[in-house]
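Q: need a 3D model of the sequence below.
(one chain, ligands or ions: 1)
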Amino acid sequence: MTTELRVLRPAEWAQWFEQLELAFGGLPENPQRREVWEAITEHERSIGLWDGERCVGTAGAFSFRMCVPGGALVPAAGVTMVSVAATHRRRSLLTSMMRRQLDDVRSWGESVALLTASEPGIYGRYGYGIATQQLRAAIDTARVRLAVPPGTDGVVVRQVAPPEALATIEGLYARLVPTRPGMLERRPEWERLTVIDPPEERDGGSPLQCVLAERDGEAVGYALYTIKPAWDDAGPKGTVAVRDLGALDPAADGALWRFLCGIDLTSTVEVGNRPVDDAWQHMVSDIRRCRPQLRDSLHVRLVDVGAALEARTYQAPVDVVLEVEDDFCPWNAGRWRLTGDAKGAVCVRTDEAADLALTVRELGAAYLGGVSPAALAAAGRVRELRAGALGEAAVAFGSPVAPWLPHGF
Ligand SMILES: CC(=O)SCCNC(=O)CCNC(=O)[C@H](O)C(C)(C)COP(=O)(O)OP(=O)(O)OC[C@H]1O[C@@H](n2cnc3c(N)ncnc32)[C@H](O)[C@@H]1OP(=O)(O)O
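A: Sure, this is the predicted structure:
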C-alpha cells in the first residue's frame, strides 16, 4: 500500500470531510453545521492522506489563541478532524499525520498544540497531556436549595431569541476569554455553531432558549439551554439542559443559576461541560444530589518547550531545571532552566544539574495550572532530583482559576 500525504486542496474538502464522517460511524453531519465546518476549515493547515483517488486520512489544525495562566493569549494549533479509514487502520497512518502536523506547527511558530480526543488513549504517545477536565452534573432542583451571592437581586434575567442574542453573547464571551486559562478566542463564524439547533437532535427537548442577565440595562451574563418536559403520576419532572453559560461577576452568575434551577415544571438541571471550580457547587445545599462527575477535556502538547513556558506566568517565584524527555519532537529534549514569577518567565537551555525529570506529556498536563506536578510525581510520572523542587514547581505552576475549554472543536 502506498499513500500520499499532502496539504488539503479546497476542491477536495467534500471528499475529505466524507472520509471523516465515515470514520465517525457514517452519519452525515447536519447541513448547517457542515457549512460552518467548511467555512472555518483552514485548508493550508489541513492534510489529507490519499490512496489513489480515495481519501483515507484527515487532520486539520485551527489557528487559535488560547488563554494561559497570567492572561496572555498564546497562538495555538487546534488539532481537529483526525481520522484514518477503517480499511487502512493500524498501519501507522495516524502517526505519519501527527509527525507531519507537529513539524508544520513548529514551522508556523506556534509553541502549543491542543485537541480534544475521541478516546483519551490515543494522543499521549505523541506528547499530549490531559490539561483540563470538564465537570458534568445533574442537579436535583426539587431537593437542592441555592444560596446566591450578594447583589443577585440587582440582576434582571431577560428571555431573548438566541439569534438575537448572538452579538451580545460573543461580546461577553470575548471578555471572559482572558480570565480563564484554556479558553479560546473565538474567530469569525465560530459563533454560528453556538446557536445551531436542528430539530432532529432535540430528542424530545425544546428548541434552544436563551436568557441574558442584565444590570442597569447592560448585559453581564447569558445562558443557552433547552427544556425537556416530562411527567409521571406524581406530576412534572422536566429537565433543563444547559448548553452554555457565561457571567462577568458572581451576582450575574448567581442570577443565571437561580433562574435555571427555578423554572416551573422541571426538577433537574443538567450540565455537560463546566469548569471544575464552577461557583454553583458552593451555592448548593447538597452537592451529592448534584451528581458531579469529571471527564478529560483539553489535551495540550508543548511544541516549543522554551517559548511555551515563557508565554505564561507563575503564581509564585520559581527557579528549576527541568530534564525533559521528548521522543516524538526531539528538539525539545534536554535540560531547560525555568525562572519566573507572577510577572513573567524566562526558559532557556542549560547544562546545570536537573531538579525535576519528566516527559513533555507531563509538561503539557501541568501547563495550564490544572494538574499539579506533585500529583504527577505521586503517579511516578515526575521525578524530583533536588529536594524541595517539586513543591516549588507545584505551587508555581498552579492557577487560581481552574483551566477550562468551553466548547469542542
Ligand atoms: C483530535 C481528533 O480529531 S480526535 C478523533 C480521532 N478519530 C477517531 O476516533 C475516528 C475513528 N478512528 C480512527 O480514525 C483511527 O482509528 C485513529 C485515527 C484513531 C487511529 O488511526 P491509525 O492509523 O489506526 O493509528 P496508527 O496505526 O498510526 O496507530 C498508532 C498507535 O496508536 C495506537 N492507537 C490507534 N488508535 C488507538 C485508539 N483508538 N486507542 C488507543 N490506541 C490507539 C496504535 O495501536 C498504535 O500504537 P503503537 O504505536 O504502540 O503500535
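Q: and whichever residue of the stretch 301-409 of the chain sits closest to the ligand, what does it touch?
A: When distances are taken as CB to the nearest ligand atom, the stretch 301-409 of the chain reaches nearest to the ligand at Phe409, 8.7 Å away. C-betas here are computed from N, CA, C, even on glycine. By CB atoms under 8 Å, 6 or more residues apart in numbering, the residues touching Phe409 are 62, 64, 78, 80, 116, 184.
Q: now do the contacts for the residue of the stretch 151-300 of the chain found nearest the ligand.
A: At 8.1 Å from the ligand, His299 is the closest residue in the stretch 151-300 of the chain, using CB to the nearest ligand atom. By CB under 8 Å, 6+ apart, the contact set of His299 is 114-117, 120, 123, 128-131, 364.
Q: what does Asp319 give?
A: Applying CB under 8 Å, 6+ apart to Asp319 gives the contacts 337-339, 392.
Q: out of the residues you listed, which sit inside strands?
A: 337-339 (DSSP state E).
Q: near the ligand, which residues of this structure?
A: When proximity is defined as CB under 6 Å from any ligand atom, the chain approaches the ligand at 23-24, 79-84, 89-95, 115, 117-119, 121-122, 125.
Q: buried subset of those as a PyMOL selection?
A: Filtering the residues of the chain next to the ligand down to the buried ones (16 or more other CB atoms under 10 Å) takes a single PyMOL command:
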select buried, resi 23+79+80+81+82+83+84+93+94+115+117
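Q: how deep is the closest residue to His299 other than its chain neighbours tucked in, by neighbour count?
A: Spatial nearest neighbour of His299, excluding adjacent residues (CB to CB, 6 or more residues apart in numbering): Tyr128 at 4.1 Å. Applying other CB atoms under 10 Å, we find 26 residues neighbouring Tyr128.
Q: ditto for Val156
A: 14.
Q: got the buried residues for stretch 197-210?
A: So for stretch 197-210, counting by 16+ other CB under 10 Å, buried means 197, 205, 208-210.
Q: right, I mislabeled it, should have said stretch 110-117
A: By neighbour count with 16+ other CB under 10 Å, stretch 110-117 contains the buried residues 110-117.
Q: check contacts around Arg34.
A: 17, 28.
Q: show me what contacts Ser226?
A: That one is not Ser; residue 226 is Thr. With CB under 8 Å, 6+ apart, Thr226 has these contacts: 202, 205-209, 240-241, 243.
Q: report the secondary structure state of it.
A: Secondary structure assignment for Thr226 (DSSP: H, G, I helix; E, B strand; the rest coil): strand.
Q: quick check: it vs Asp203, distance?
A: Distance, Thr226 to Asp203, by CB to CB, to the nearest Å: 9 Å.
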